[in-house]
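A.B. asks: please find the sequence and the predicted model below.
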Amino acid sequence: MKVFALSRGFKILLYILLAIMLFVFVALALGPFYDPKLNFPLIYFWPVCAIPICLIICAFLQVEEKVIVDKYSIRKVSRLINREILLSNIKGYKSDGNGLWIIPNTGKRIYLSGYVKGVNDLQTWLANWYPDINHMEEMAIYSEVTDSYDEQERAQRRKRAGIELRILGGITIVLGILTWRCYAACPWLGVALFCCIPAALYLTLRHKGFIQLIDNSAGSLPGSSFISFTVLCGLMSVWYFTGITDYSGVWTTFAVIVAALALLFWECTRDFNRRTKRFYVSAIILTVLSLANAFFVTIVLNRCLDTSEIAYYEAGIRKKEITIDHFVPFYHIYLEPWEHAPESEEVNVKSSFYRKLRANEKVGIYYHKGGLGMPWYEVGEKQTKSK
């Protein structure tokens, strides 16, 4: 018999962290009674505090949980959950890097956190006797695609699909870099970059399963979701350096683009098995990426279709600031109020422009009405007055 549980030191650390969190939420829940400044409506505020308090109490009860493996079964024992799976009833296991799932043929599964002492030994033991469910699902997808072809044709189709997707990936990366570097001179690069998403969906339809939405590692089938992610990074760089004074005009075009992408996605995945968990996860990931890409490409289109005259303003710099996130520096300046911004605004600028500026110096603001009705502006060097 083997027992798997959290180490003593990790349990103590968890108890300390949970106690701090419990104190914080209880103090917030009781705050309106001892501090009159906290005049929150209790009917809304208490449920917000009650949910995390209940979850923290459940976590307290689960800290001492143990998983016991003997000759007949695997048992999970704790103050909150007691569960048992007979060894003859185990279907397989899943591992996501953060923990281990033991899945039965019937009944509820057992989960072990990756922080449990000896969880890797248990996974090795399970791998010797039971199948990896993730690997089985990926091989099932691979079989659905390839069983109708002989070995030679299967290899040719897989190779052709991989080559075409890698070419499109290279084009997407190049366009993403060009969009980031040259969006001011040629904003249509952003639209060209966005067109890589429909192109990726077309390749998914063209090769009918040999290109998946996300990578199939067991069957060596490539995925196309990295195209959407690359497009998102490129389009976000345009939005990051563009000041928008009114977002009310974005939603109509945004809704049209989202609807078009949804129809295209549904049509291009018609040969997929849509009842699998893998498809749902892939669809959720691509939906989030598509919503973000639709929003940012609307900002790009607003710049591309803008034919209005540029209005020039000047504003002083109130403060300069550099923030570092994951070792990457970001450069910001805070402008004094100007005609279309009655309050001080934070503006993102490039490092080369940031180094030229000094506090209390004035910068030029180039204001546009926007092709889709979203007024936008860019900050640049102040114009010199000709004598």
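C.D. replies: Received it, and whenever you're ready, just let me know what you need. Since the model is a prediction, treat every value here as computed from it, not as a measurement.
A.B. asks: in the strand of greatest length in the chain, what's buried?
C.D. replies: The longest strand of the chain (DSSP state E) is strand 311-325. The neighbour-count check on strand 311-325 (16 or more other Cβ atoms under 10 Å) flags Y313, A315, I317, K320 as buried. The way it works is simple: take the backbone N, C-alpha and C, and place the C-beta from them, glycine included.
A.B. asks: and the next element down the chain from it?
C.D. replies: Of the helices and strands lying after strand 311-325 in sequence (DSSP states H and E), the nearest is strand 328-335.
A.B. asks: adjacent strands (with direction) for that next one?
C.D. replies: strand 311-325 (antiparallel), strand 345-349 (antiparallel) (DSSP bridges).
A.B. asks: what average pLDDT does the longest strand of the chain get?
C.D. replies: What strand 311-325 shows for mean pLDDT is 82.
A.B. asks: next: stretch 131-146.
C.D. replies: 66.
A.B. asks: same question for stretch 276-293.
C.D. replies: 84.
A.B. asks: which residues touch it?
C.D. replies: 137-138, 141, 194, 197, 212-214, 223, 225, 228-229, 231-232, 235-236, 258, 261-262, 265, 269, 272-273 (Cβ atoms under 8 Å, 6 or more residues apart in numbering).
A.B. asks: now, those that are in helices?
C.D. replies: Under the assignment DSSP state H, those contribute 137-138, 141, 194, 197, 225, 228-229, 231-232, 235-236, 258, 261-262, 265 to helices.
A.B. asks: quick check: mean pLDDT of the helix or strand in which R166 is found?
C.D. replies: Per DSSP H and E, R166 falls inside helix 151-182. What helix 151-182 shows for mean pLDDT is 87.
A.B. asks: helices or strands up against it?
C.D. replies: helix 188-194, helix 196-206, helix 225-240 (3 or more Cβ pairs under 8 Å, 6 or more residues apart in numbering; DSSP states H and E).
A.B. asks: tabulate these (JSON lines), appending mean pLDDT, mean neighbour count and distance to V77.
C.D. replies: Shown next, in JSON lines, are the helices and strands packed on helix 151-182 (pLDDT from 0 to 100; neighbours: other Cβ atoms under 10 Å; distance: least, Cβ to Cβ, whole Å):
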{"stretch": "helix 188-194", "mean pLDDT": "92", "mean neighbour count": "22", "distance to V77": "53"}
{"stretch": "helix 196-206", "mean pLDDT": "88", "mean neighbour count": "19", "distance to V77": "46"}
{"stretch": "helix 225-240", "mean pLDDT": "90", "mean neighbour count": "20", "distance to V77": "40"}
